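[1] Coordinates for the following, if possible.
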Amino acid sequence: MSIETAPKMSWWNRLAHPGQFVQWTRPLVLPLALATAVLFVAGLWFAFFNSPADYQMGDTVRIMYVHVPTAWLSQFVYATMAVSALGTLIWRHPMADVSMKAAAPLGAVFTAMALFTGSLWGRPTWGTFWEWDGRMTSTLVLLFIYLGIVALWRAFDDQLRAARVVAVFTLVGAINIPIIKFSVDWWSTLHQPASVFRPDGPTMPGSILTPLFVMFFAFTLLFITLQLIAMHTEVRRRRITTLERRAAREGAK
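    Next up, the predicted model:
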């Protein structure tokens, strides 16, 4: 078949090819990294120099500018993994398990940061570093789920088999995400109800919302950048592993 008459591959099929995916997304890494750096500089400047202290919590409220974005990402990263798990089990997309594997350590780090900064914020605000309420406990469970997924990936030499097992485990663990989200509404908890995304609008002043949203986008872009880098690394690692196994088979003949 000539080149002119060959059927064109859809963008979905092109992204399914690891080499095509790396080729398409590699130029995005540097612009994303630069945008992330700019947003962090702007967000930190707003947070420390152009944002007022809270009338009750004082300067400790500034911990919010790290705690809230990392808490959001702890759930968003898992949602990304759940979609990737569906891509692995239903559509057999070759890059879905790569995305799932790359995201798990990042999600674990963001969740650990959310728990750590929440504890720092809780001590002067609530008088305790830790309380076994619904939001804290379910977030801690999420961290354990992330760590279990990372361990599962390392327990298998065959990454294709590991992908199916991890995908099922990820989808089962996804039930914890709505528990984290609605725990404040379902149970008595130290955490306050939603104060940003509300039907009647945010309850925070613009001087606090501005740095919060800037840091929110900064951390989100940080995840996207690190996710792409981790996926590129995983593609190269699998390619090297394939070449090594092929060389070993040829050497054994």
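
[2] ranges for the helices of the stretch 151-253 of the chain?
    Using DSSP state H, counting those that start in this stretch, the helices of the stretch 151-253 of the chain run over residues 159-173, 176-186, 206-252.

[3] among those helices, where is the model least confident on average?
    Sorting those by mean pLDDT places helix 176-186 lowest, at a mean of 87.

[4] Tell me how far the closest residue to residue 79 other than its chain neighbours lies from residue 153.
    Excluding the flanking residues, the one nearest residue 79 by Cβ to Cβ, 6 or more residues apart in numbering is residue 177, at 6.6 Å. Every C-beta, even on glycine, is put in place using the N, C-alpha and C of the backbone. Distance of residue 177 to residue 153, given as Cβ to Cβ, to the nearest Å: 20 Å.

[5] can you check residue 245 too?
    18 Å.

[6] Name the residue in these two with the higher neighbour count.
    Set residue 245 next to residue 153 and count neighbours by other Cβ atoms under 10 Å: residue 153 wins out with 18 against 10.

[7] That one reaches residue 161, doesn't it?
    No - the pair residue 153 and residue 161 fails to qualify as a contact (Cβ atoms under 8 Å) at a distance of 11.0 Å.

[8] on that earlier part again, can you tell which of the helices of the stretch 151-253 of the chain is closest to residue 31?
    Closest of those to residue 31 is helix 206-252, at 9.4 Å (criterion: Cβ to Cβ).

[9] Who are the packing partners of that closest one?
    Here helix 206-252 touches helix 18-49, helix 64-89, helix 96-126, going by 3 or more Cβ pairs under 8 Å, 6 or more residues apart in numbering; DSSP states H and E.

[10] what's the residue nearest to residue 150 when sequence neighbours are not counted in contact with, if anything?
    Using Cβ to Cβ, 6+ apart and skipping residues adjacent in sequence, the residue nearest residue 150 is residue 104, 5.0 Å away. Going by Cβ atoms under 8 Å, 6 or more residues apart in numbering, residue 104 touches 81, 146, 149-150, 153.

[11] From residue 81, how far out is residue 104?
    7 Å.

[12] Between these two, which contacts overlap?
    Jointly contacting residue 104 and residue 81 under the rule Cβ under 8 Å, 6+ apart are residue 149.

[13] With distance to residue 171 and mean pLDDT as added columns, please give the helices and strands packed on helix 206-252 in a markdown table.
    As requested, those are arranged in a markdown table below (distance: least, Cβ to Cβ, whole Å; pLDDT from 0 to 100):
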| stretch | distance to residue 171 | mean pLDDT |
| --- | --- | --- |
| helix 18-49 | 23 | 94 |
| helix 64-89 | 5 | 96 |
| helix 96-126 | 11 | 93 |
